[in-house]
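# give me a 3D structure for the following:
(2 chains)
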Protein chains: 2
Amino acid sequence: MNRIRVRTIAFLALVIAATTATLAMAQMKPEDAIRARQSIMRVMLLNVGPLAGMAQGKIPFNKDVFTANALRLESVWAMNPAQYFLPGTDKPVPGSMIAGFTHAKPEIWSEPAKFKEAQERASDAIGKLAQATRSGDEGAMKAAVGDVGKACANCHDHFRSK
Amino acid sequence: MNRIRVRTIAFLALVIAATTATLAMAQMKPEDAIRARQSIMRVMLLNVGPLAGMAQGKIPFNKDVFTANALRLESVWAMNPAQYFLPGTDKPVPGSMIAGFTHAKPEIWSEPAKFKEAQERASDAIGKLAQATRSGDEGAMKAAVGDVGKACANCHDHFRSK
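Numbers count the residues shown, from 1 in each chain, chains lettered A, B, ... in the order given. The predicted structure follows:
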C-alpha cells in the first residue's frame, strides 16, 4: 500500500471512531457530544440568518439561496441535535478546547416533556418552511420563516442560557 | 405586540446580525468566522463517519441512513466552509470561548492555489458520492466513499494541524 492509501485508511478509521458514537450514543465522550450539538445548531443559525433577512426584507429575496437554506435547514435538523444532550453534558468540560462552554440550562434534563414539546414545535415549523419552499410561492416561503423564528426563540428562552 | 412577538423579533434580529456577514464576509468577526468553518466541518464529519463505517463494513449498511448522510454532506459542503478562512483568522482568538483554538495551518493563506485545488478535489468526490447515492446502487455508493476520504485526508494533511 502506498502512503496516501495508508493515510486515507488511518483517516477514515479516525472518522469512524469519532462519529459512530452516533450509533452508540452512551459511549460518546461529553466533549464530543457538546461539540456535535453546538456545531449542528451553529450550522442551523448560518442557514436561518439569510432566511430571516429575506423574510423581513432586510436583504433582497433570492429564491435559489432561500431554497438551498430552507431545505438544508430541514436536512440538518434531521440530525437531531437534541440527542446530544446526554447526561453529564450539562457543564463545560474542564480543560477541553472544544467544549469549554455550554449554554445548556438544567431544565433540559429536569423538564424532558417540555423540552421534547419545544423540539416538536421546531420540527413542525421547519417542515412547514420546507413544504412552502417546495411550493415555490415567494409569499408562502417568506411567511413560513416567522414560525421557525418563534420556535427557535421559544426553545432558547426556556432551555438556553444567554 | 405581545411578549412572544417582541422576543421573536429580537431573536430574528440577532440571528440576522450574526449571520448576514455571510453576505458581507469582510465584516464578520474573526471568532464568528472560525466558529462557522469549524461547525460546518464538524457537521461534515458527523455525516462522513457512518458513511465510512458502512463502506468499510464496520457498521451494517442502511440505505436510508447512507442516502440521508451522503446528500446532507453535499448540501452542507455547498455552504463553502473555505470562505471562512478570512485574513486574521489564522490564530485562536484570545479570550474567546468560541474560537479559542484553530487547526488552520499558515499554508491556507500562503498556498491559495493548492488550497483551492484541494477544495475542488473534495467537491468532485462529494458530488460523485451524491450521484452514486441517487443511482441507488449499493456497490457504487460504498465505492464512492473512498475518494471522499482521500480528498479529506489530502486537504487535512497539508492544511490542518493535528
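# contacting residues around stretch A:81-96?
Stretch A:81-96 is contacted from outside by A:25-26, A:28, A:30-31, A:33-34, A:36-37, A:40-41, A:44, A:99-102, A:104, A:106, A:108-109, A:115-116, A:119, using C-beta atoms under 8 Å, 6 or more residues apart in numbering or on different chains. For glycine as for every other residue, the C-beta is placed from the backbone atoms N, C-alpha and C.
# in the host helix or strand of A:Thr133, which residues are buried?
According to DSSP states H and E, A:Thr133 maps onto helix A:112-135. Buried residues in helix A:112-135, defined by neighbour count with 16 or more other C-beta atoms under 10 Å in any protein chain shown: A:115, A:118-119, A:121-122, A:125-126, A:129-130, A:132-133.
# surely A:Phe159 is in contact with A:Trp109?
No. Contact criterion C-beta atoms under 8 Å: A:Phe159 and A:Trp109 do not qualify, at 9.8 Å.
# who has more neighbours out of those two?
More crowded of A:Phe159 and A:Trp109, by other C-beta atoms under 10 Å in any protein chain shown: A:Phe159, with 21 against 16.
# can you pull the contacts of A:Pro30?
A:86, A:88-89, A:93, A:99.
# between the residues you listed, which sits nearest chain B?
A:Ala99 (10.5 Å; C-beta to the nearest C-beta).
# neighbours of that closest one, how many?
Residues near A:Ala99, counting by other C-beta under 10 Å: 22.
# report the contact partners of it.
A:Ala99 is in contact with A:30-32, A:34-35, A:38, A:92-93, counting by C-beta under 8 Å, 6+ apart.
# which of those has the most neighbours?
Neighbour tally across the contacts of A:Ala99 (other C-beta under 10 Å): the maximum, 26 neighbours, falls on A:Ile34.
# I figured it hits A:Thr102, correct?
Yes. With contact defined as C-beta under 8 Å, A:Ile34 reaches A:Thr102; the gap is 5.5 Å.
# okay, and A:Asp64 sits in which element?
Using DSSP H and E, A:Asp64 falls in helix A:63-77.
# helices or strands up against that helix?
In terms of contacts (3 or more C-beta pairs under 8 Å, 6 or more residues apart in numbering or on different chains; DSSP states H and E), helix A:63-77 is packed against helix A:30-55, helix A:112-135, helix A:138-159, helix B:63-77.
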